[in-house]
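Student: Got a predicted model here, sequence first, then my questions.
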Amino acid sequence: MPTRYIGDGYWEIISRQMSIVTKSQQERFKNAEITVIGTGGIGGATLEMLARQGVGKLNFVDKDVFDLSNLNRQVMSNLDALSIDKTLATKEQLRKINPYVKTNRISQEVNEDNVEEIIEGSDILIDAVDNLITRVILTRAANKLNIPYIHGAIHGTSGQITTFTNKTPTYEELFRFPSIGKKLQDKVREDIQKMTRGVPPVIGPVPNIVGCLEAMEAFKLITGIGKVTYAPELLTFDLLDFKSFEVQQI
Amino acid sequence: MAFKVKIGNKVKDMKLDDNKTIKNLLKKLNVSSESVVTKKNGEIVIEDEIIDDGDEIQLIRIIYGG
């Protein structure tokens, strides 16, 4: 570790990544505010990584409490956290991981009425939710407020990730949603619901990989290093076969 | 008539004896048209698209877990 970082807690925590970014690039990340919607399988991992990478402020939103069925994948869950508000348990975990990160927990469901208030002022919005309608709400608000939206989703052993901005196709356009250009009234919500089939299966490594990748895309976006994958390109993978990792154009 | 179908990273050869449309292919695969984006030879197509001999059909599943 470079000795110049010893004794300065924040910089000592992230000292091992300081040959990957310059101090001014890391300063940008230290000043960044990122909002993560969902603190479960994907969200827990992305929040942990963002904290370890030294982000400035994290807002995170979830309406649920942890239960036994979360333990196979959700890194913020453990036996002590069962029946505990997910955002509360997550806040405590993040404090123990990197106390220099400011945290703002929001224990409610994101909807059309509160989404803009929740994400306004964020440098990046990260999708870690478990349904399509909330994703449509998020992507519309992010587009309106000109906030980059990092999308990730999983099904079984498969995962995908890409980033949307005002310069890319929208989430709804990329996946040919029936809701494009329409208000989210009951009929439109029903049409979106028809795109789904129940609660998807999931196994531990899959959402955690997606969450880690989202955190790295956020780091790249803020610091300017590397190349971010934007829509219509999409990284897809199936952990049953490593040869499946592929950036494809939709 | 034979064509290739790619779902995820799996590719298989398929045949349709009659009604050679994407709609019929999805029905045969028991996949709802709303849950996938369908490409034929790299271009996104609608359900009524006709499948020809040698075409490559790709089904991109819309996934939503988190």
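Tutor: Nice, thanks for sending it over.
Student: How about residue A:87, nearest residue that isn't a chain neighbour?
Tutor: residue A:105 (3.6 Å; Cβ to Cβ, 6 or more residues apart in numbering or on different chains). (Glycine included, C-beta is placed from N, CA and C.)
Student: how much space between the one you found and residue A:43?
Tutor: Note on residue A:105: its distance to residue A:43, by Cβ to Cβ, to the nearest Å, is 12 Å.
Student: Then residue A:180?
Tutor: 26 Å.
Student: And the two? Which one has more around it.
Tutor: Set residue A:180 next to residue A:43 and count neighbours by other Cβ atoms under 10 Å in any protein chain shown: residue A:43 wins out with 32 against 12.
Student: Can you give me every residue that contacts residue 52?
Tutor: Reading this off chain A. Contact partners of residue A:52, counting by Cβ atoms under 8 Å, 6 or more residues apart in numbering or on different chains, are A:13, A:14, A:97, A:98.
Student: Oops, wrong one, chain B.
Tutor: Residue B:52 sits next to B:1, B:3, B:20 when contact means Cβ under 8 Å, 6+ apart.
Student: Is it located within a strand, as I assumed?
Tutor: No - under DSSP: H, G, I helix; E, B strand; the rest coil, residue B:52 sits outside any strand and is assigned coil.
Student: Need phi/psi at residue 18.
Tutor: Reading this off chain A. Per-residue torsions, residue A:18: phi -80, psi 0 (degrees, to the nearest 10).
Student: Tell me, how many residues neighbour it?
Tutor: Using other Cβ under 10 Å as the criterion, the residues surrounding residue A:18 number 16.
Student: Could you double-check that it sits in contact with residue A:5?
Tutor: Yes - in this structure residue A:18 lies within contact range of residue A:5 using Cβ atoms under 8 Å: 7.0 Å.
Student: which residues are common contacts for these two?
Tutor: With Cβ under 8 Å, 6+ apart, residue A:18 and residue A:5 have common neighbours residue A:11.
Student: Can you name the residues that contact residue 57?
Tutor: Using chain A. A:32, A:33, A:34, A:101, A:102, A:103, A:104 are the contacts of residue A:57 under Cβ under 8 Å, 6+ apart.
Student: I was thinking of chain B, sorry if that wasn't clear
Tutor: The contact partners of residue B:57, taken as Cβ under 8 Å, 6+ apart, are B:3, B:4, B:5, B:6, B:22, B:25, B:38, B:39, B:40, B:51.
Student: For it, pull up the helix or strand it's in.
Tutor: In this structure, residue B:57 sits in strand B:56-61 according to DSSP states H and E.
Student: close enough to count as contact, residue A:123 and residue A:222?
Tutor: Yes - Residue A:123 is within contact range of residue A:222, at 6.3 Å (criterion: Cβ under 8 Å).
Student: Now list whatever residues contact both of those two.
Tutor: residue A:32.
Student: Looking at the two, which is more packed in?
Tutor: Neighbour count, other Cβ under 10 Å: between residue A:123 and residue A:222, residue A:222 has more, with 25 against 19.
Student: Just confirm that one is within a helix.
Tutor: Yes - checked against three-state DSSP, residue A:222 lies within a helix.
Student: do you know how far residue A:147 is from residue B:5?
Tutor: In this view, residue A:147 and residue B:5 are 38 Å apart by Cβ to Cβ.
Student: Now for the residue nearest to residue A:29 when sequence neighbours are not counted: which residues touch it?
Tutor: For residue A:29, ignoring the flanking residues on the chain, the nearest one in space by Cβ to Cβ, 6+ apart is residue A:222 at 5.0 Å. For residue A:222, the contact set (Cβ under 8 Å, 6+ apart) comprises A:28, A:29, A:32, A:123, A:124.
Student: Just among these, which is most surrounded?
Tutor: Using other Cβ under 10 Å as the neighbour criterion, residue A:124 leads the contacts of residue A:222 with 24 neighbours.
Student: Pairing partners for it in the sheet, please.
Tutor: Judged by DSSP bridges, the bridge partners of residue A:124 are residue A:34.
Student: Please tell me how far it sits from chain B.
Tutor: According to Cβ to the nearest Cβ, to the nearest Å, residue A:124 and chain B sit 17 Å apart.
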